[in-house]
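no FASTA, just this:
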């Protein structure tokens, strides 16, 4: 019964869609606009949240709302570049980029994720402070406890071994941060929808913190392994082949972490957007075509969203367990 | 491509946010939770151990109680058996005594009967003797004047009887 109703709604939507469809829809532009950043939070036609722009240049700091720059307008000598290297970014009259620390869509999403994370974890911590250890938690606190215990025992302790306590808060933070970002990214409306973990700046920062966690606290044996590894002497004396490889390996590890997370999440967003766009692309091909493709598109979208839910967990887990393993390797004798 | 070059603004905010979040959570969040979880784990383990100990004690107490009960039962049985024996002994003694006194009484009775009988017999004899004497006196009368001869004759007659 429900499925029939769903199909009916989809069909009706399919017939309505051609009326609203725009001519010459640029799908790739639409997708890349979503994948990238923007100075405003576009919810739907006519519902746009303007976000503050903060620009630092030699003469000082300029702060204003992004709706001042709508439709190519110029404000205080700034405008959004239409083309060139800085397409879609704020540039000054000379076409140069100021140091742009605007609260963009991604930055706002970042704040939302941070706030959510802090309130959830600190809230759970407060529950423990209030109730002590003699009471067993249920519901949401219990769920978070299961997650934290899993990260503490099965990820950190298992991978790092002795002295894991120092690293487990970092691993928990990174896991929960990536997971929350991934899941919020799948939400199509306001508090979510930004492509945060599909942004290389975010994954790069995560990987840099992983690099710090791996190398800055490692014992001397870790660096001995890199510069004077336990291999036949001809592999390191005339030409330092193994040390070079090991040294490059130091950086490829976090690099692979960066790209894996970034590419996985971005790919998921691209596929879902492309499938959704299918409805509007086929709008020009007639009602029957559009209706049938709408059904296909919605079904595939549901499937992809379920898959992306899984990927959200898997990628957060993979990032965390790989970091934990790298830390464990650096600490092994 | 734009997507592959990290944006410095976002990088700045990301580093800042991550640092703040990490500081807050690593300081006030996770250690509290992990500590509570570990403490609870320890508490549960200790509770299990003490429960096991209490169980063992209970079992030993139960065994002790059972032993006590068995002892008491055995003692009770002994006491009952002793009482039974005592009763039998007393009954036996009473019976014996009764028997003895009955025998005594029977003996006394027999003796007194015997004595009575002999006395009666004597009486009868005397009576018969006097009767016979009387009769003989009457029958013989005058014929026998001498009393000693008469008596001798009569006694001979009686012995013949």
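Thanks, I have it. It should be emphasised that the depicted structure is a prediction, and the values quoted were computed from it without experimental measurement.

Please count neighbours and contacts with C-alpha atoms only from this point.
Noted.

Give me the domain ranges for chain A.
Per automatic domain parsing, the structural domains of chain A span A:47-103, A:105-331.

Now find how far off-centre whichever strand or helix holds residue A:176 is within its chain.
Following DSSP states H and E, the helix or strand that holds residue A:176 is helix A:168-186. Relative to the centre of its chain, helix A:168-186 is centred 9 Å away, using C-alpha atoms, centre = their mean, to the nearest Å.

State the number of residues packed around residue 76.
Looking at chain A here, since you left the chain open. Residues lying near residue A:76 (other C-alpha atoms under 10 Å in any protein chain shown) number 11.

wrong one, I was asking about chain B
Applying other C-alpha under 10 Å, I find that residue B:76 has 12 neighbouring residues.

ditto for residue A:294
Close neighbours of residue A:294, defined as other C-alpha under 10 Å, add up to 28.

Could you check how far the spatially most central residue of chain B is from chain A?
Computing the C-alpha centroid of chain B and ranking residues by C-alpha atoms, centre = their mean puts residue B:80 first, at 2.1 Å. According to C-alpha to the nearest C-alpha, to the nearest Å, residue B:80 and chain A sit 56 Å apart.

mean confidence score for the helix or strand harbouring that residue?
Here residue B:80 sits within helix B:30-140, counting by DSSP H and E. The pLDDT scores in helix B:30-140 average 90.

where exactly do the helices run in the stretch 51-200 of chain A?
Assigned by DSSP state H, counting those that start in this stretch, the stretch 51-200 of chain A shows helices spanning A:105-131, A:139-149, A:158-160, A:168-186, A:200-215.

Adding mean pLDDT, write these out as JSON lines.
Formatted as JSON lines, these follow (pLDDT from 0 to 100):
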{"stretch": "helix A:105-131", "mean pLDDT": "90"}
{"stretch": "helix A:139-149", "mean pLDDT": "89"}
{"stretch": "helix A:158-160", "mean pLDDT": "90"}
{"stretch": "helix A:168-186", "mean pLDDT": "92"}
{"stretch": "helix A:200-215", "mean pLDDT": "92"}
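
Columns distance to residue A:30 and mean neighbour count on top of those, output as TSV?
TSV is the format used below for those (distance: least, C-alpha to C-alpha, whole Å; neighbours: other C-alpha atoms under 10 Å in any protein chain shown):
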stretch	distance to residue A:30	mean neighbour count
helix A:105-131	16	19
helix A:139-149	37	16
helix A:158-160	42	19
helix A:168-186	17	24
helix A:200-215	19	22
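
how about a markdown table for these, with distance to residue A:256 added?
Formatted as a markdown table, the helices of the stretch 51-200 of chain A follow (distance: least, C-alpha to C-alpha, whole Å):
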| stretch | distance to residue A:256 |
| --- | --- |
| helix A:105-131 | 22 |
| helix A:139-149 | 25 |
| helix A:158-160 | 19 |
| helix A:168-186 | 16 |
| helix A:200-215 | 9 |
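
okay if I get those as TSV plus distance to chain B?
Formatted as TSV, the helices of the stretch 51-200 of chain A follow (distance: least, C-alpha to the nearest C-alpha, whole Å):
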stretch	distance to chain B
helix A:105-131	5
helix A:139-149	7
helix A:158-160	16
helix A:168-186	5
helix A:200-215	4
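
With residue B:134 as the reference, name the closest of those.
Taking C-alpha to C-alpha, helix A:105-131 is the member of the helices of the stretch 51-200 of chain A nearest to residue B:134, at 137.0 Å.

packing partners for the closest one?
helix A:139-149, helix A:168-186, helix B:8-24, helix B:30-140 (3 or more C-alpha pairs under 8 Å, 6 or more residues apart in numbering or on different chains; DSSP states H and E).

which strands and helices sit next to the helix holding residue A:176?
helix A:105-131, helix A:287-331, helix B:8-24, helix B:30-140.

tell me the most buried of the domains of chain A?
Mean neighbour count (mean count of other C-alpha atoms under 10 Å in any protein chain shown) peaks for domain A:105-331 among the domains of chain A, with a mean of 19.

start to end distance for that domain?
39 Å (C-alpha to C-alpha, to the nearest Å).

now do stretch A:195-205
When the termini of stretch A:195-205 are compared using C-alpha to C-alpha, they are 15 Å apart.

tell me the pLDDT at residue 27?
Answering for chain A, as no chain was given. 79.

think we crossed wires, I meant chain B
On the pLDDT scale, residue B:27 gets 89.

burial count for it?
By the criterion of other C-alpha under 10 Å, residue B:27 has 13 neighbours.

From residue A:166, how far out is it?
Between residue B:27 and residue A:166 the computed distance is 12 Å (C-alpha to C-alpha).

Next: residue A:250.
Counting by C-alpha to C-alpha, the separation of residue A:250 from residue A:166 is 21 Å.

Can I get the helices and strands packed on helix A:105-131 in CSV including distance to residue A:193?
Listed next are the helices and strands packed on helix A:105-131 as CSV, based on distance: least, C-alpha to C-alpha, whole Å:
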stretch, distance to residue A:193
helix A:139-149, 24
helix A:168-186, 4
helix B:8-24, 17
helix B:30-140, 28
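
Can you check which of these gets nearest to residue A:243?
Nearest to residue A:243 among the helices and strands packed on helix A:105-131 is helix A:168-186 (28.4 Å), distances taken as C-alpha to C-alpha.

Could you check how many residues crowd around residue B:154?
Neighbours of residue B:154 using other C-alpha under 10 Å come to 17.

nope, residue B:135 is what I was after
13.

what does the stretch 1-150 of chain A have sitting close to chain B?
Residues of the stretch 1-150 of chain A found near chain B (C-alpha under 8 Å from any C-alpha of the partner chain) are A:35-36, A:99-102, A:106-107, A:110-111, A:114, A:117-118, A:121-122, A:124-125, A:128-129, A:132-134, A:145, A:148-149.

returning to what we had before: contacts for the helix holding residue A:176 next, please.
Outside helix A:168-186, the residues that touch it by C-alpha atoms under 8 Å, 6 or more residues apart in numbering or on different chains are A:110, A:113-114, A:117, A:148, A:151-152, A:156, A:191-197, A:206, A:265, A:269, A:305, A:308-309, A:312-313, A:315-317, A:319-320, A:323-324, B:21-22, B:25-26, B:30-31.

swap the cut-off to 7 Å and go again
A:113, A:148, A:151-152, A:156, A:192-197, A:309, A:312-313, A:316-317, A:320, B:22, B:26, B:30 (C-alpha atoms under 7 Å, 6 or more residues apart in numbering or on different chains).

same thing with stretch B:12-31?
Residues outside stretch B:12-31 that contact it (C-alpha under 7 Å, 6+ apart) are A:107, A:114, A:118, A:121, A:122, A:125, A:169, A:170, A:173, A:202, A:205.

How about stretch A:196-206?
Contacts of stretch A:196-206 (C-alpha under 7 Å, 6+ apart): A:106, A:178, A:181-182, A:185, A:258, A:261-263, A:265-266, B:4, B:6-7, B:10-11, B:14-15.

Stretch A:115-125 now?
In this structure, residues lying in contact with stretch A:115-125 by C-alpha under 7 Å, 6+ apart are A:141, B:21, B:25, B:28, B:29, B:32, B:33.

ok, so of those, who is nearest residue A:25?
Using C-alpha to C-alpha, residue B:21 comes nearest to residue A:25 of these, at 40.7 Å.

Distance-wise, check that closest one relative to residue A:139.
24 Å.

Spell out which parts of chain B neighbour chain A.
Within chain B, the positions lying close to chain A (C-alpha under 7 Å from any C-alpha of the partner chain) are B:3-4, B:6-7, B:9-11, B:13-15, B:17, B:21-22, B:25-26, B:28-30, B:32-33, B:36-37, B:39-40.

what do you get if the cut-off is 8 Å, keeping everything else the same?
With C-alpha under 8 Å from any C-alpha as the criterion, chain B meets chain A at residues B:2-15, B:17-18, B:21-22, B:24-26, B:28-34, B:36-37, B:39-40, B:43.
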